[in-house]
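Student: here is the input, now give the coordinates:
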Amino acid sequence: MKLQCKQCGALLAVTCPDAYVSCPYCGAKAVVDGYTGASFLHRQTLDEKDVHRLFHSGSIASVSLYWFPFDPDTLKRVFTQPYTEMENYSPPSADRRVWNESEIHGTIVPVDPDLVGDTGVVYHPFWVVINSTTAQGTMVDGVSGRKLGESNNPSDESLFDPVQEAFSAFLLSIVPALLIFFLLRGLSVFWAAVFGMAVAVLAPGAWKRFRGKTGS
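Tutor: Residues are numbered from 1 along each chain as shown. From the prediction side, this is the model:
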């Protein structure tokens, strides 16, 4: 529901179940008649200590809590976009409580009157974490703990390919073992087999250490 301020003429979004709304521009209070929508909040599950555990020690300059309004049915944002990470982000559904501003600490992000509907809004908690080195901010969902902007899908480099892993294991163990066996079998079949098995066991670990040194 939208209401026009009688003092300054600003278009206001009614997002509280109270009988009045306060204009953020001139401070005037207007009586609300016939508003049936209700506002809710998602109960946050992460406190400030939990947020600190998500980052390296000493990397946080400040942590602030913000409440962003979303449509209670579709969970689409009903606020002007302040962060690029939130452009296509839809928060997870969570336990809801009737909105009571007196019980809330943190900053309340204002609703965009052009986006809000007649069913009220639901406020979702987000932590804004400022990095002590870069001074850049990272948004953390106060319910799921997800860092916005991070992909949930692993990169191509981190994907596990069982066929490739099996083939690599064969090349790193069996092939060197057979080579040692055939080279030494003229001396002694027994010792050739022993050295071949030793190579099969030690070759993969030695190859990984060699790659680690060359990669660094």
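
Student: and the strands in this structure?
Tutor: In the chain, the strands defined using DSSP state E lie at 2-4, 11-13, 20-22, 29-31, 40-42, 60-70, 96-98, 107-108, 122-131, 137-141.

Student: mean neighbour count added to those, as CSV?
Tutor: Just so you know, the C-beta spots here come from the backbone N, C-alpha and C atoms, and that holds for glycine as well. What follows is the strands of the chain, written out as CSV (neighbours: other CB atoms under 10 Å):
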stretch, mean neighbour count
strand 2-4, 15
strand 11-13, 18
strand 20-22, 15
strand 29-31, 13
strand 40-42, 22
strand 60-70, 18
strand 96-98, 13
strand 107-108, 14
strand 122-131, 22
strand 137-141, 20
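
Student: select, out of those strands, the one closest to Arg77.
Tutor: Across those, Arg77 has its closest neighbour in strand 60-70 (5.7 Å, CB to CB).

Student: dump the closest one to CSV, restricted to CA.
Tutor: What follows is strand 60-70, C-alpha atoms only, in CSV (Å, rounded to 0.1, in the frame of the first residue of the first chain):
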residue,chain,number,x,y,z
ILE,A,60,37.6,-7.7,9.8
ALA,A,61,37.5,-4.0,10.4
SER,A,62,33.8,-3.7,11.2
VAL,A,63,30.5,-5.7,11.2
SER,A,64,27.1,-4.1,10.8
LEU,A,65,23.6,-5.6,10.7
TYR,A,66,21.1,-4.5,8.0
TRP,A,67,17.5,-5.5,7.5
PHE,A,68,16.5,-5.6,3.8
PRO,A,69,12.8,-5.7,2.8
PHE,A,70,11.5,-8.4,0.4
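
Student: show the pLDDT at the closest residue to Gly58 other than its chain neighbours.
Tutor: Spatial nearest neighbour of Gly58, excluding adjacent residues (CB to CB, 6 or more residues apart in numbering): Ser132 at 6.8 Å. Ser132 carries a pLDDT value of 92.

Student: residues contacting Ser132?
Tutor: Counting by CB atoms under 8 Å, 6 or more residues apart in numbering, Ser132 touches Gly58, Ser59, Ile60, Ala61.

Student: quickly list the domain ranges of the protein.
Tutor: 37-141, 156-215 (automatic domain parsing).
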